[in-house]
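Asker: Build the 3D model from these lines:
(2 chains)
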Amino acid sequence: MDYLVSYGELALKGKNRRFFERKLLQSLKNIFKREKLSMEASFLYGKILVKSKEEHRISEEVLKNVFGVAALRPVYSFPYDYERLKEELIPVLRPAVEAGSPRTFRITAKRAFKHFPVDSMAVARELGRLVLDHFPELQVDLTRPDLEITVDIRSEGFFVSLEKIKGIGGFPEGSQGRALLLLSGGIDSPVAGYLAMKRGLTLDFIYFHTPPFTGEGALNKVRSLAETLRRRGSRSRGNLYIADIAGLQKEIISQGKNDYATLLLRVAMLKMAGAWARQQGYDALVTGDSLGQVASQTIHSLAAVDAVVQSFTLRPLIGYDKTEIMALAESLGTMEISNRPFEDCCSLFVPEHPATRPGEAILRQETEKLPLGPYLETPDQFIRAERV
Amino acid sequence: MTYLDNAATTPPLKEALLSLQEALADYYANPSSLHQAGFRTAALREEARQRAADLLGVSPGEVIFNSGATEGNNTVLRGIGPLLKRGKKIALTAIGHASVENTARALEREGTPLVRLPLIKGGLIDTEHLEGLLDSSCALLSVTAVNNETGLIQPIQDLIRQARALHPDILVHVDAVQSFWSPLWQEWPALDWDFLTLSAHKIHALKGTGLLLIRKGRHLHPLLTGGEQEHSFRPGTENMPGIIALGMVLRQLAKKRDSFLRKIRRLEESFISGIDSLDGYILNREKGLSYSPHILSLAHDFIPGSVLQNALSEREICVSTGSACSDRDKKNHRVLVNSGYTGRQALNTIRVSLSPLNSEEDITSTLSALDEISKTIGPLYRKVQ
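Answerer: A predicted model of the protein is given here:
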């Protein structure tokens, strides 16, 4: 089966269009190769044509989940020969008409190739008559047909399709830049990562390991999450950076009972991630913050942390409810991994009365007491990279 | 690697299993087959059954091979079905293994009333106060002989005597999985239980094999229906690798149990005296109660068990927390909290469990690791108390 893939909003992007198209084509090719699929993709003006030797079910599942794909149509490809199309169209339609037993239909012709001598209305009328001749039980309904037969007229040939499948949308992976996701092992951060990927970011992952407060089990969980997310995109491997901040964690605790402890840890993590991102050429950080979910995610806490951290941080979940996040996590397959029972470092040493309206000045003061220097100047001595 | 999680599972006994591969290559026939090859395999199965029967003082006809103690416990609790249909109760403690506890809770949802036996601090059944609890409305008394988290030994003899005095026809089920290194092991032949469940991989044989002992004259309804294996009680082609291995291990253990037990007791003693001299740790053992020497439950004053476990694991020392660590919910510390320990103590607990394959060196290195962890991490947790 062949497929015509369309990419919606990215076609609006004027001069950058070729860039986006190339990214999407590359994504498709990478996925076909990685998943060892007998599928090929090539440009067709304004669309991408995919020729697949895989089962329809598999092709559809793969194509509709590629970031940047707005819609796809399974198509019957005919050579550029109008007379031949008229001869061969009916046998192609027959199984679909018999299986679906539609009562009404319409033909929608689109003439992308303007040199084709017959205008699209005329094509629709002519082919419509042909269909009526062969299937006398069908009636024309232009507004709400049971079966819409789309005929795409191009210099490469005619592409006939009976069905449009909605794609995942967004932008092709990598078309918007590279970002570093702070992955905790919880439910939220993987979902945030997915949304960032959907908007065209290539994503790598950073996890803050605090042995022995957190164990190998928590790390394994993060490895699975990173891999699951990476596979949503087109890459064959991604980077998981494991940052050991046990020393910092100990420092924060050894300063005693502190309502700012959680915020300080967040500041330390974001500062370190920001330093690493700058060194490694990432354009942004991504976190799983959702406004108001916990004390450290109140608008005041987020604002104070951001003021102290000074890194560009995306928070795709900011407007999501927990139930929405959980539903997405479920559909991504990350929920089951996140629910495995291991401590993440945030759930240890939680202050009894965490600050919900932290003062930026105090947070800055407290941050200055931390021995952050080596973590920001030479983060590589605390970071170990793994391919996931 | 120092392996001190022998209550979870034990390493297979190498010398016993050396000949296993050969046996499996030769005895591949289905023991139910009516030909020479089948008879030979069946004979090997019966040899293993006889050995288990001899060790436990029962006749071979009272021994059923199954997949392990979870299956055994399910079979007993559910197998008395007709009695439960008549509204009879099941008496049990709140500190049994999950395979007993969760089966009982499922039965409770299906309408079977549960009677919880009173416990004193440490988890010991208060046998003085059973009157009014155990009577003719109870069909089954189910008890874990040696607690898998604390090592506590229940007074089984006394309990059975009291129970029978209150209700002569009560059926008694003993989950004896962790009892091998306790004095109870030698009492099983003499004690008046009706059903006894055991697991092979806790005594150095293989996972996926268990024993269910059913006293002559007692009946259970099987969980599964199928072929006529195990007197039609446990259908399905027998797990011959597991059964042959169990037979081999039991032969070794019969010879070596005394010396092995002496070794475990020495290790236990070293560990206890070591812990006594360390700051910050306390054994979850109560004065006057008896414990199996192979299970040592201990808590740090401040450090959570999960952190102790991680810190030991970093040093290649394997112990368990005995409970899921992420949640501070009491239900994850069911056994310890129901044994009378505080939530804090339960949270901070780890379980060190020994086997005769451990060495004094294992104990020394574990003690010094525990000391180091207490000294480095303890102060941090003390601060946030």
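Asker: Which parts of the stretch 1-150 of chain B are strands?
Answerer: Per DSSP state E, counting those that start in this stretch, the stretch 1-150 of chain B carries strands over the ranges B:2-3, B:63-66, B:89-92, B:114-116, B:119-120, B:124-125, B:138-144.
Asker: Tabulate those strands (TSV), appending mean pLDDT.
Answerer: Output for those, formatted as TSV (pLDDT from 0 to 100):
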stretch	mean pLDDT
strand B:2-3	98
strand B:63-66	98
strand B:89-92	97
strand B:114-116	97
strand B:119-120	97
strand B:124-125	98
strand B:138-144	97
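Asker: Please pull out the lowest mean pLDDT helix or strand from chain B.
Answerer: Using mean pLDDT, DSSP states H and E, the weakest-scoring helix or strand in chain B turns out to be helix B:14-17, at a mean of 81.
Asker: Tell me the buried residues in stretch B:191-205?
Answerer: Residues B:191, B:193-205 are the ones in stretch B:191-205 that count as buried (16 or more other C-beta atoms under 10 Å in any protein chain shown). The C-beta positions use only the backbone N, C-alpha and C, and glycine is treated the same way.
Asker: what do you get for stretch B:135-148?
Answerer: Buried residues in stretch B:135-148, counted by 16+ other C-beta under 10 Å: B:138, B:139, B:140, B:141, B:142, B:143, B:144, B:145, B:146, B:147, B:148.
Asker: where exactly do the helices run in chain B?
Answerer: Here chain B has its helices, by DSSP state H, at B:14-17, B:20-26, B:36-56, B:69-79, B:81-85, B:98-109, B:156-166, B:184-187, B:240-276, B:305-314, B:334-338, B:343-347, B:360-383.
Asker: closest to residue A:388 out of these?
Answerer: helix B:305-314 (21.7 Å; C-beta to C-beta).
Asker: and that closest one, what does it pack onto?
Answerer: Judged by 3 or more C-beta pairs under 8 Å, 6 or more residues apart in numbering or on different chains; DSSP states H and E, the packing partners of helix B:305-314 are strand B:349-353, helix B:360-383.
Asker: And those: which comes nearest chain A?
Answerer: The stretch from the helices and strands packed on helix B:305-314 with the least distance to chain A (C-beta to the nearest C-beta) is helix B:360-383; that distance is 4.5 Å.
Asker: Say whether chain A is contacted by that closest one.
Answerer: Yes. Using C-beta under 8 Å from any C-beta of the partner chain, helix B:360-383 reaches chain A at B:373, B:377, B:379, B:380, B:381, B:383.
Asker: Got the domain ranges for chain A?
Answerer: A:1-69, A:73-166, A:177-387 (automatic domain parsing).
Asker: now those as a markdown table including mean neighbour count and distance to chain B?
Answerer: Formatted as a markdown table, the domains of chain A follow (neighbours: other C-beta atoms under 10 Å in any protein chain shown; distance: least, C-beta to the nearest C-beta, whole Å):
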| stretch | mean neighbour count | distance to chain B |
| --- | --- | --- |
| domain A:1-69 | 17 | 32 |
| domain A:73-166 | 16 | 38 |
| domain A:177-387 | 19 | 3 |
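Asker: residues near the residue of the stretch 51-200 of chain B found nearest chain A, how many?
Answerer: Among all residues of the stretch 51-200 of chain B, residue B:98 sits closest to chain A, at 14.5 Å; criterion: C-beta to the nearest C-beta. Under the neighbour criterion other C-beta atoms under 10 Å in any protein chain shown, residue B:98 is assigned a count of 13.
Asker: who's in contact with it?
Answerer: Listed by C-beta atoms under 8 Å, 6 or more residues apart in numbering or on different chains, residue B:98 has no contact partners.
Asker: Relative to residue B:306, how far out is it?
Answerer: From residue B:98 over to residue B:306 the distance is 19 Å, taken as C-beta to C-beta, to the nearest Å.
Asker: Quick check on residue A:201: phi, psi?
Answerer: The phi/psi pair for residue A:201 (degrees, to the nearest 10) reads phi -90, psi 140.
Asker: Pairing partners for it in the sheet, please.
Answerer: residue A:177 (DSSP bridges).
Asker: what's near enough to touch residue B:192?
Answerer: Counting by C-beta under 8 Å, 6+ apart, residue B:192 touches B:160, B:164, B:172.
Asker: Flag the helix or strand of chain A with the lowest per-element mean pLDDT.
Answerer: Lowest on mean pLDDT, DSSP H and E among the helices and strands of chain A sits helix A:246-254, with a mean of 86.
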